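> here is a sequence with its predicted model. Questions after.
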Amino acid sequence: MASVLFTQQLAAQGYFQYSSGIYEPEILLEAGVNLGVMNGVTDIQGNPKVYQGPFAGVTFLKSSFSTGLYAIASYRNVFGVRLEANIGRIEGYDSLLTNATAPSAIGRFERNLNFRSPIREVMLMGEIHLPQLFRSYEKPAYRLSPYIMAGISWFSFYPRAYTANGWVDLPPLRLEGQGFAEYPDRKPYRLNSFAYPLGLGFRYEVSPKLTLRFEINKRTTFTDYLDDVHEPNWVDPNLFANYLSASQAALARQLYNRSTIHTPPRDTRPRGNKNENDAYWTAVLKVGINLNRSGYNSGIFGGQSKKDMRKRLRCPSL
């Protein structure tokens, strides 16, 4: 009789068996932190060797630290919806591309541009664990589970360039003639945009409460200005004085073309590629806590008593 009453109460509360002595709601809540690296794929720097494919332009030469917080609601360990906030930084330096052989990178060393931009993002994503999808619910969930994820994100950025006098803000200088009457198609760009993330991850449950994840996630953005480089044609430097202050105009003439390794500087290479938007990616390790999984041995590393488990689930006593 106790067994029947106990099973009926679990079903009424929406619980199903996770493994021996552990029960959880059909919608499991997980929250945690992530640490990793962030890198940009823009018109500056890039990969000196990779010609084409999904990793063209990806380089580890200038990866930066990334961190964030996340929360996930998962249905029976198969489908998940997450909200995530991250901060990081992307940067690139043409000066690192010595002996480049990839067509997209040839000539960038001579162009000699650089940038750095902070990234602040909020993402809403869905994930699906394919091995769990075909698992019988009579069997325990797999402790190691690969998954794919996709969604949408909103982020902010602000490109700067490094000079002998330190870092300089680029948007106010309008280095490609944004807002100039002589270039009516070149409008000032916004410093925030949307992106669509797409990635692959692996989840490993250390214990019923503690979860580790490793993810690689690429965000393809709706802007080409993460590095302040977009237009293939170089601006007429004489126009800066018509739209900027004297000090800004002098700085703009210095920064719009930095191929100073040539005398005089050359502008034979296109400044940018306006046919492809920028992207950035992260590789992170996530540490999460399962918030509402119950049962004995369901502490962070196990050890909860059967008595505490019965109290939590309100098991009827005889």
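Cool, got the structure.

> can we go C-alpha only for contacts and neighbour counts from here?
Will do.

> all strands for the stretch 151-300 of the chain, in order.
160-163, 166-169, 192-205, 210-221, 279-290, 294-295 (DSSP state E, counting those that start in this stretch).

> now the helices: where do they sit in this structure?
Using DSSP state H, the helices of the chain run over 2-12, 108-111, 130-133, 240-243, 246-255, 306-313.

> ok, of those helices, where does mean pLDDT dip lowest?
Of all those, mean pLDDT reaches its minimum on helix 2-12 (a mean of 40).

> low-confidence stretches in the stretch 51-200 of the chain?
Counting by pLDDT under 70, the stretch 51-200 of the chain has low-confidence residues at 51-61, 99-107, 135-141.

> so how far is stretch 72-92 from its chain's centroid?
Averaging C-alpha positions (C-alpha atoms, centre = their mean, to the nearest Å) puts stretch 72-92 9 Å from its chain's average.

> list the buried ones in that stretch?
72-74, 76-92 (16 or more other C-alpha atoms under 10 Å).

> over to stretch 163-172?
Quick answer for stretch 163-172 (16+ other C-alpha under 10 Å): 168, 170, 171.

> ditto for stretch 124-138
Under the neighbour-count criterion of 16+ other C-alpha under 10 Å, stretch 124-138 has 124, 125, 126, 127, 128, 129, 132 buried.

> quick one: which of the residues you listed is nearest residue 243?
Nearest to residue 243 out of the buried residues of stretch 124-138 is residue 124 (C-alpha to C-alpha; 40.2 Å).

> you'd agree that closest one is up against residue 80?
No. Residue 124 is beyond contact range of residue 80, at 10.8 Å (criterion: C-alpha atoms under 8 Å).

> ok, so what distance separates residue 33 from residue 45?
To residue 45, residue 33 is 30 Å away according to C-alpha to C-alpha, to the nearest Å.

> looking at those two, which is more packed in?
residue 45 (29 against 18; other C-alpha atoms under 10 Å).

> could I get the buried residues of stretch 124-138 as CSV with distance to residue 229?
Formatted as CSV, these follow (distance: C-alpha to C-alpha, whole Å):
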residue, distance to residue 229
124, 28
125, 29
126, 32
127, 33
128, 36
129, 38
132, 44
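
> in strands only, show me those residues.
Assigned to strands by DSSP state E, the following of these qualify: 124, 125, 126, 127, 128.

> in contact with the last one, which residues are there?
Residues in contact with residue 128, defined by C-alpha atoms under 8 Å, 6 or more residues apart in numbering, are 78, 79, 80, 147, 148, 149.

> now with 6 Å, please.
Counting by C-alpha atoms under 6 Å, 6 or more residues apart in numbering, residue 128 touches 78, 79, 147, 148.

> mind checking how far the nearest residue to residue 196 once chain neighbours are set aside is from residue 205?
Once flanking residues are discounted, residue 196 sits nearest to residue 152: 4.5 Å by C-alpha to C-alpha, 6 or more residues apart in numbering. Distance from residue 152 to residue 205, counting by C-alpha to C-alpha: 26 Å.

> could you do residue 77 as well?
If you go by C-alpha to C-alpha, the gap between residue 77 and residue 205 works out to 11 Å.

> which parts of stretch 201-208 are buried?
Across stretch 201-208, burial judged by 16+ other C-alpha under 10 Å covers 201, 202, 203, 204, 205, 207, 208.

> how about the third one, what does it touch?
Taking C-alpha under 6 Å, 6+ apart, we find residue 203 in contact with 144, 145, 212, 213.

> go again with 8 Å.
For residue 203, the contacting residues are 143, 144, 145, 146, 147, 211, 212, 213, 214, by C-alpha under 8 Å, 6+ apart.

> so what's it bridging to?
Here residue 203 sits in beta bridges with residue 145, residue 213, going by DSSP bridges.

> quickly note the distance from it to residue 81.
From residue 203 over to residue 81 the distance is 15 Å, taken as C-alpha to C-alpha.

> how about the fifth one?
Residue 205 sits 18 Å away from residue 81, going by C-alpha to C-alpha.

> what is the burial count for residue 190?
12.

> so what pLDDT did residue 208 get?
Predicted confidence (pLDDT) for residue 208: 83.

> that one is in contact with residue 290, isn't it?
Yes. At 7.2 Å, residue 208 counts as touching residue 290 under the criterion of C-alpha under 8 Å.

> tell me the contacts of residue 231?
176, 270, 271, 272, 273, 274.
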